[in-house]
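*Asks:* no sequence for this one, just the structure:
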């Protein structure tokens, strides 16, 4: 059985602009499949959710700016993301 997405984390992601929530749900889906909080994020898989590469990157940047994920980027490679615990509200 997969664990649920923490409500505070999901709530914070839902308030972000653009497709951040689509990316957030996909991230947690892959976390459940891969059983790790750090993995490569495939934008080919994001396209299945209706998220194009450019909007996906903007959503990922929004999640990163909100402190929900850490992103390691390398030119020409898929981003490696790490799911972080939800930071406290300010």
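*Replies:* Cool, the structure landed. In this text, all values refer to a predicted model and were calculated from it rather than measured experimentally. Residues are numbered from 1 along each chain as shown.

*Asks:* Now do the contacts for the residue positioned nearest the centre of the chain.
*Replies:* Nearest to the mean C-alpha position of the chain, by CA atoms, centre = their mean, lies residue 24 at 3.9 Å. When contacts are counted by CB atoms under 8 Å, 6 or more residues apart in numbering, residue 24 touches 5, 9, 10, 13, 14, 16, 59, 63, 68. Any C-beta I mention is one placed from the backbone N, CA and C, and that applies to glycine too.

*Asks:* now the helix or strand hosting the second one, how far from the centre of its chain.
*Replies:* Counting by DSSP states H and E, the secondary-structure element that holds residue 9 is helix 7-14. Centroid separation for helix 7-14 versus its chain: 11 Å, with CA atoms, centre = their mean, to the nearest Å.

*Asks:* Next: stretch 7-18.
*Replies:* The answer for stretch 7-18 is 11 Å, by CA atoms, centre = their mean.

*Asks:* mean confidence for that stretch?
*Replies:* For stretch 7-18, the per-residue pLDDT values average out at 94.

*Asks:* cool, and stretch 59-75?
*Replies:* For stretch 59-75, the per-residue pLDDT averages 95.

*Asks:* in it, what counts as buried?
*Replies:* 59, 60, 61, 62, 63, 64, 66, 68, 69 (16 or more other CB atoms under 10 Å).

*Asks:* Give me the contact list for it.
*Replies:* For stretch 59-75, contacts defined as CB under 8 Å, 6+ apart pick out 9, 12-13, 16-24, 27, 41, 51, 79-84, 86-87.

*Asks:* can you do 7 Å?
*Replies:* Identification of contacts with stretch 59-75 by CB atoms under 7 Å, 6 or more residues apart in numbering yields 9, 12-13, 16-20, 22-24, 27, 51, 79-84, 86-87.

*Asks:* First-to-last residue distance for it?
*Replies:* 18 Å (CA to CA, to the nearest Å).

*Asks:* Numbering from 12 from now on, please.
*Replies:* All set: I'll call the first residue 12, so the last point we hit is now stretch 70-86.

*Asks:* Tell me which helix or strand comes right after the longest helix anywhere in the chain.
*Replies:* In the chain, with assignment by DSSP state H, the single longest helix is helix 31-45. The element immediately downstream of helix 31-45 (helix or strand, assigned by DSSP H and E) is strand 49-51.
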